[in-house]
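1. The amino acid sequence is not available; the structure is as follows:
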């Protein structure tokens, strides 16, 4: 009988100690340390983007192949400039029409995937490098080109974080680094 009481007391004490230990670890969970700001390097972002090249979008006979993308600081420091080299091919232009597109963009962070991506891409300019082939681009293809470029650039992962962060409040680009303030 004494053994039964001893085992019962030992069981109750172990339950109490286990409960106390789990309560005492609460202050040290990841929510206790909230990141309010961080930095990303434009050089590292461009390295990550280069690893994802080429990007290809094909609809019927129309094809866009993005071969190179670079990301720079915007003039105001509160935006990014995205410049991509691509080749457009179609039934009318089977040899391909090389071009350069320039966009302005902002930055977004997805806490579920822990990925930084481009957001709010606005096309500023498309410059075709073979002017004599531009006349063969149809009106539908003129719409297809910027839409496809935007869709493919939105897929790029600029950086994958190891920690789960909050959403981006704002960012400033200065001296090759992006300073990000989180909510």
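-> Structure received. All of these numbers come straight from a predicted model, not from anything done at the bench. Numbers count the residues shown, from 1 in each chain.

2. contacts and neighbour counts: CA atoms only from here.
-> OK.

3. What about the residue nearest the centre of the chain? Give its phi and psi, please.
-> In the chain, the centroid-proximal residue (C-alpha atoms, centre = their mean) is residue 117; its distance is 1.8 Å. Dihedral pair for residue 117: phi -140, psi 170, per degrees, to the nearest 10.

4. so it makes contact with residue 157?
-> Yes. Using C-alpha atoms under 8 Å, residue 117 is in contact with residue 157, at 5.2 Å.

5. got a list of what residue 143 touches?
-> For residue 143, no contacting residues are found, by C-alpha atoms under 8 Å, 6 or more residues apart in numbering.

6. Helix, strand or coil: sort out it for me.
-> Secondary structure, DSSP: H, G, I helix; E, B strand; the rest coil: residue 143 is helix.

7. Okay, it and residue 110: tell me how far apart.
-> Separation of residue 143 from residue 110 (C-alpha to C-alpha, to the nearest Å) stands at 29 Å.

8. before we move on, what about residue 60?
-> Computed with C-alpha to C-alpha, the distance linking residue 60 and residue 110 is 32 Å.

9. Mind checking which of those two has more residues around it?
-> residue 110 (16 against 7; other C-alpha atoms under 10 Å).

10. Now name the helix or strand holding residue 147.
-> helix 139-155 (DSSP states H and E).

11. Identify each buried residue in that helix, please.
-> Going by neighbour count (16 or more other C-alpha atoms under 10 Å), the buried part of helix 139-155 is 145, 146, 148, 149, 150, 152, 153.

12. same question, stretch 36-52
-> Quick answer for stretch 36-52 (16+ other C-alpha under 10 Å): 37, 40, 41, 42, 45, 46, 48, 49, 50.

13. quick one: which of those is nearest to residue 73?
-> residue 42 (8.3 Å; C-alpha to C-alpha).

14. Isn't that closest one up against residue 80?
-> No. Between residue 42 and residue 80 there is no contact under C-alpha under 8 Å: 10.0 Å.

15. Now do the shared contacts for these two.
-> Taking C-alpha under 8 Å, 6+ apart as the contact rule, the neighbours common to residue 42 and residue 80 are 71, 72.

16. what residues are up against residue 43?
-> Per C-alpha under 8 Å, 6+ apart, neighbours of residue 43: residue 176.

17. What of residue 154?
-> Residues counted as contacts of residue 154 (C-alpha under 8 Å, 6+ apart) are 117, 118, 119, 121.

18. out of these, which one sits closest to residue 174?
-> residue 118 (17.6 Å).

19. Quick check, pLDDT for the closest one.
-> Looking at residue 118, its pLDDT reads 94.

20. That one - nearest residue in space that isn't next to it in sequence?
-> residue 107 (4.9 Å; C-alpha to C-alpha, 6 or more residues apart in numbering).
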